[in-house]
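# Okay, predicted coordinates and the sequence, questions at the end:
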Amino acid sequence: MHVLVIGGAGYIGSHVVKALLDQKATVTVFDNLSTGQEINLFPEASFIKGDILDKEALLQALRKNVDAVILLAGKKAVGESMDNPALYAQNNISGMLNVLNAMLETHVNNLVFSSSAAVYGTPQYLPIDEKHPLDPMSFYGFTKLETERFLKWYHTLKGLNFMALRYFNAVGYDETGAVKGLEQNPQNLLPIIMEVACGKRESLNIFGNDYDTPDGTCIRDYIHVTDLADAHVKAIQHLMDGKESLSLNLGTEKGLSVLEMVKETQKVIQKPIAYQFAPRRAGDPAVVTASAAQAKAVLGWSATHSSLDNIIASTWAVYRKTV
């Protein structure tokens, strides 16, 4: 099985590549290295430097006897998407359409897509399952939902098989230390906490302390990236076996607030984390937790690496080397 991993030099992508290689798959990474890093490339995988806005480069990559594609190349910062929607429309929608159209031209019919819990918007009930209404609060979430809609039409009209994996909050690092690249200019909570712990930034901004939660800060469902990677491998096999196309949540069904993450990190790494409160960000709901029952039923998947101690310890093991 030959899998083209678009965005495979990034944080999540490199973990997905490792999981595929562990299963003896043939892997080609396609990445423009705008946020991905060469240090995250594995020698066992081929590498093509290319951009999803370059359809000809995609066609050349897909002509290398590819069986399936994993698409992880989307822009992903909620706040940035609200400030710069044009960037997100170009990359997450136009770029994605280039991938789909190139797949049709090269008769590659299996795609696993990196979607997001942001497609749901403000939760109407918790935990969120796949039947929850789809009403994004951010432009980022809108781009993910539009992509899923395109995928359903391409499946109906052209037979393109897909699995859209709706991530909640990806955290942690491979426990063996195989993935070494730190996220550049991170927008997510735990990497920023780690940068404060390492002295790379003075303090953490916590956006909003007046939400309707026990401590006033947002609550999220944090899932270890190794668990996410395992789900991608299972999703590819699901499609290769000719099974149904659908969208699935990936989460733990447990919530943790921003302040709780800060305090637990301080306990695990034995370092103080300076922080201050800042105004809420547009597009951030108060609480988001996932039901992963369907992923368990369809893929036989569950989150086995996502204990809070493992999430923090595996992340700190990488960041502490930079101190």
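Ah, there it is. The structure displayed is predicted, hence computed values, not measured ones. Residues are numbered from 1 along each chain as shown.
# what about residue 29, how many neighbours?
Residue 29 has 27 neighbours, counted by other Cβ atoms under 10 Å. (C-beta placed from N, C-alpha, C; glycine too.)
# oh sorry, the question was meant for residue 85
When neighbours are counted by other Cβ under 10 Å, residue 85 registers 15.
# isn't it right up against residue 139?
Yes - if you go by Cβ atoms under 8 Å, residue 85 and residue 139 touch, sitting 4.6 Å apart.
# Residue 215 versus residue 290, what's the distance?
21 Å (Cβ to Cβ, to the nearest Å).
# any idea what sits nearest residue 180, other than its immediate chain neighbours?
residue 39 (5.3 Å; Cβ to Cβ, 6 or more residues apart in numbering).
# give me the number of residues near the one you found?
Neighbours around residue 39, by other Cβ under 10 Å: 11.
# Please apply the same query to residue 32.
By the criterion of other Cβ under 10 Å, residue 32 has 19 neighbours.
# Now do the same contact list for it.
49, 50, 51, 52, 73 (Cβ atoms under 8 Å, 6 or more residues apart in numbering).
# Which one (most neighbours) among the residues you listed?
Busiest of the contacts of residue 32 [other Cβ under 10 Å] is residue 73, holding 29 neighbours.
# I'd say that residue and residue 113 touch.
No - under the criterion of Cβ under 8 Å, residue 73 makes no contact with residue 113, lying 10.4 Å away.
# of residue 290 and residue 215, who's got more company?
Taking neighbours as other Cβ under 10 Å, residue 290 and residue 215 compare with residue 290 leading, 31 against 14.
# What separation do you get for that one and residue 120?
With Cβ to Cβ as the criterion, residue 290 and residue 120 are 9 Å apart.
# ditto for residue 22
In this view, residue 22 and residue 120 are 31 Å apart by Cβ to Cβ.
# And for residue 301?
20 Å.
# Tell me the confidence at the nearest residue to residue 296 once chain neighbours are set aside?
Distance criterion Cβ to Cβ, 6+ apart; nearest residue to residue 296, sequence neighbours excluded, is residue 302 at 5.4 Å. Listed pLDDT for residue 302 reads 95.
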